[in-house]
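Enquirer: Have a look at this fold, sequence not included:
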Ligand code: SF4
């Protein structure tokens, strides 16, 4: 029986908004259930429990502020909750809490928005959906962002979009999973004729306690189009595509269960979601078979994986075996297909200039620079690699190098063109690392060293930490303490004529927190100056620009190259969140103390790891082989 070309999704179970934002393979495996799914980890359990507790807090605040709010009883059966929600909306309740929207049978949707906020529309009551999320919904607006205020925020005492004010200092965080969920509710509101006029909008209440509004029609996502070019699409467009795609996948999976001759649509592709997925064990065995799937290479992504697959390259060994010279020409934009065709018809000694169309002089330049001077040399290029011409694979050389690095005998390689690995150094150096939970940063750790022997600083580890329950005041006071210390030390060292460097590993995380806290504490200008100065070094970038491993280059993965090992068991950011809960909230003093010691040791180890890594990079990494050599 052939696979249906139009999938009948009417037998697919009704789906919540989460399906659109999750891996499509997971949607398939949720139907096929090839094995027992893994249970949620303790870290995931904690995240869910904290999310539920936060939701309860916000709902209590809303109820206190909004006496007319209708709360849908969570103990009712699903159908009764749908009926009660529909009734509350029909009666024009200003706010519906804990509702369940009427099931959208045609669209195969169910959904439970945390809030339904009535609009000021005079005629029929109309609503917008808002979800409560236990994470930050705002970040400091980029200095080079769009001119003028662009973020709409409303307060809990009037959470409607109409009451929102424009804010120039903060930007709504771009969280794809949040907006896809809001788009799901929007389609459900439209299906039951309860959606507000004036475009598609939805809100997120994050730990800041404000409603941050998202224009779901705004074309803010860049995705590949069928022409291979990038196209800006709205959250609604992305949602519609992703949701329908997964319904099709599930429909085919349902058919497969009845008739195994129908092949499921998806095969596993390694993505960031994998380690937390209940099907990870199942997918890993497929992904790691043989030399390993190409998606195991870091940062590869779904689209390049698809292009490799379309070219018959499904594993890392095949990718590593592609020809580098040919790949460099493809990546430079040379269309080798007509050049190869012309060469096959020409005399082997025919100059390459005769094989390239006159209007493609730039391509000719690339060929000549690569030493491809005649038809014979063109025909010596690798056909399989040349087949990537026109596929939009600018990163083809990088992919080949990643595959060669991970399959090669050395644990790491110098990148092409890197003769000596260099690390910016200072007379006085500080390695920095922060630890945070969803509501803020509770620990700034610093390891001070004085490699030039200036005697200006006291070497050693220093922690700025608070074990108070996290509040904006606690976090702000801690940050100011830390920042004043760092700023004074920088100034003192520089004023004395010595050079100063501070190192972090992955400035993306640190800079986001520094900018946010700079904004809330009035230190924005100083923070921005520091971030953009030569004093601030992102060691991850220094590593990634010069060295290549073919695996992830997180600190835990690369510090062992320098022989560094963490003293604490099972070091990891997620686990540190679990420990933080104990460190702050345990009623048993000894348990609390043990968790605090663990967290301080863990943070100290992190900064010791960056010191060890940069020392190794500076002294030893230049002796590593060059990739592909
Ligand atoms: S393990 Fe990865 S590929 Fe497999 S279903 Fe989960 S997220 Fe998708």
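Expert: Alright, I've got the coordinates. Because the structure is a prediction, the values reported are computed rather than measured. Numbers count the residues shown, from 1 in each chain.
Enquirer: going forward, measure contacts between C-alpha atoms and count neighbours the same way
Expert: Will do.
Enquirer: partners of the nearest residue to residue 494 once chain neighbours are set aside in the sheet?
Expert: Nearest non-adjacent residue to residue 494, counting by CA to CA, 6 or more residues apart in numbering: residue 500, 6.6 Å away. With DSSP bridges as the criterion, residue 500 is bridged to residue 428.
Enquirer: How many neighbouring residues does residue 500 have?
Expert: 22 (other CA atoms under 10 Å).
Enquirer: per-residue confidence for it?
Expert: Per-residue pLDDT puts residue 500 at 98.
Enquirer: That one: what's it in contact with?
Expert: 425-429, 490, 493-494, 535 (CA atoms under 8 Å, 6 or more residues apart in numbering).
Enquirer: Now the stretch 1-150 of the chain against the ligand: closest residue?
Expert: residue 26 (3.6 Å; CA to the nearest ligand atom).
Enquirer: what's in contact with the helix or strand containing that residue?
Expert: Using DSSP states H and E, residue 26 sits in helix 24-32. With contact meaning CA under 8 Å, 6+ apart, helix 24-32 is reached by 19, 245-246, 249-250, 253-254, 257, 264, 266-269, 277, 279.
Enquirer: Would you tell me which residues of this structure are close to the ligand?
Expert: Proximity of the chain to the ligand, by CA under 6 Å from any ligand atom, involves residues 23, 25-26, 268-271, 273-274, 277, 279-280, 283.
Enquirer: Can you tell me which of those residues are buried?
Expert: Among these, those that count as buried by neighbour count (16 or more other CA atoms under 10 Å) are 23, 25-26, 268-271, 274, 277, 279-280, 283.
Enquirer: Could you list which of the residues you listed belong to strands?
Expert: Among those, DSSP state E puts none in strands.
Enquirer: Output these in JSON lines; the columns should cover pLDDT and distance to residue 469.
Expert: JSON lines is the format used below for those (pLDDT from 0 to 100; distance: CA to CA, whole Å):
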{"residue": "23", "pLDDT": "96", "distance to residue 469": "35"}
{"residue": "25", "pLDDT": "97", "distance to residue 469": "39"}
{"residue": "26", "pLDDT": "97", "distance to residue 469": "37"}
{"residue": "268", "pLDDT": "96", "distance to residue 469": "41"}
{"residue": "269", "pLDDT": "96", "distance to residue 469": "40"}
{"residue": "270", "pLDDT": "95", "distance to residue 469": "37"}
{"residue": "271", "pLDDT": "93", "distance to residue 469": "34"}
{"residue": "274", "pLDDT": "94", "distance to residue 469": "32"}
{"residue": "277", "pLDDT": "96", "distance to residue 469": "30"}
{"residue": "279", "pLDDT": "97", "distance to residue 469": "35"}
{"residue": "280", "pLDDT": "96", "distance to residue 469": "34"}
{"residue": "283", "pLDDT": "97", "distance to residue 469": "39"}
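Enquirer: Closest one of the residues you listed to residue 124?
Expert: residue 23 (37.9 Å; CA to CA).
Enquirer: Looking at the buried ones among the residues of the chain next to the ligand, which are in helices?
Expert: 25-26, 280, 283 (DSSP state H).
Enquirer: Including distance to residue 349, could the residues you listed go into JSON lines?
Expert: Below are these laid out as JSON lines (distance: CA to CA, whole Å):
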{"residue": "25", "distance to residue 349": "51"}
{"residue": "26", "distance to residue 349": "55"}
{"residue": "280", "distance to residue 349": "54"}
{"residue": "283", "distance to residue 349": "51"}
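Enquirer: Widest-spaced pair of those?
Expert: 25 and 280 (10.8 Å).
Enquirer: Any stretches of the chain with poor pLDDT?
Expert: Within the chain, the stretches with pLDDT under 70 are 1-6, 122, 143-149, 226-228, 629.
Enquirer: where does the most far-flung residue of it relative to its centre land in three-state SS?
Expert: Centroid-distance maximum for the chain: residue 347 at 52.0 Å, with CA atoms, centre = their mean. At residue 347, secondary structure determined by DSSP: H, G, I helix; E, B strand; the rest coil is coil.
Enquirer: That one - nearest residue in space that isn't next to it in sequence?
Expert: residue 375 (6.8 Å).
Enquirer: Count the neighbours of that neighbour for me.
Expert: 25.
Enquirer: Mind splitting the protein into its structural domains?
Expert: Following automatic domain parsing, one finds the domains of the chain at 42-221, 288-408, 428-623.
Enquirer: What residues sit buried inside stretch 377-384?
Expert: Quick answer for stretch 377-384 (16+ other CA under 10 Å): 377-379, 381, 383-384.
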